[in-house]
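K.L.:
Next input, structure requested:
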Amino acid sequence: QVRLAESGGGLVQAGGSLRLSCVISGRFESKHAMGWFRQAPGKEREFVAAISWSGTRTYYEDSVKGRFTISRDSAKTAAYLQMNSLKLEDTAVYSCAVRPTNAGTTYFIRPGEYGTWGQGTQVTVSS
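P.N.:
Residues are numbered from 1 along each chain as shown. Next up, the predicted model:
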């Protein structure tokens, strides 16, 4: 059974940086794409960033473009979200997700396209 574990969240001042990690445990039999989502209190879960199996294709939600960077390791066992220039509105629980894919260069941006989720890590940005 595949499980995801996020880490790296915390409290940071506006303008600061955090690096989130998402580690895959268990055996994944196929290629897989990964994504990061977030959910703020009282709001629906929203897409943040996605990356293909190959790692060569990425996609970002407009509000984080130029500030956040998604990446994955060469062993395909982890994904990362480097968050710079954090803003108050970035405060949320951040969760990573993974899904199998036949294509190495495809990414997915809808929560319903993912089948496996981590528990999430809290990111709080203060003024």
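
K.L.:
can you pull the pLDDT of Q1?
P.N.:
Q1 is assigned a pLDDT of 85 by the prediction.

K.L.:
Can you tell me which residue sits nearest the middle of the protein?
P.N.:
With distances taken as Cα atoms, centre = their mean, W36 lies nearest the centre of the chain, 2.2 Å away.

K.L.:
can you give me phi and psi for that residue?
P.N.:
Main-chain dihedrals, W36, degrees, to the nearest 10: phi -120, psi 140.

K.L.:
can you pull up the bridge partners for it?
P.N.:
Going by DSSP bridges, W36 is paired in beta bridges with A49, C96.

K.L.:
residues in contact with the nearest residue in space to R3 that is not next to it in sequence?
P.N.:
Closest residue in space to R3, ignoring its immediate chain neighbours: S25 at 4.8 Å, by Cβ to Cβ, 6 or more residues apart in numbering. C-beta: built from backbone N, CA, C; applies to glycine. Each residue near S25 by Cβ atoms under 8 Å, 6 or more residues apart in numbering is listed here: 2-5.

K.L.:
so can I have a markdown table of the residues you listed showing distance to G55 and secondary structure?
P.N.:
Listed next are the contacts of S25 as a markdown table, based on distance: Cβ to Cβ, whole Å; DSSP: H, G, I helix; E, B strand; the rest coil:
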| residue | distance to G55 | secondary structure |
| --- | --- | --- |
| V2 | 19 | coil |
| R3 | 21 | strand |
| L4 | 17 | strand |
| A5 | 20 | strand |
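
K.L.:
For those residues, pick the one with the most neighbours.
P.N.:
With neighbours taken as other Cβ atoms under 10 Å, the top of the contacts of S25 is L4, carrying 21 neighbours.
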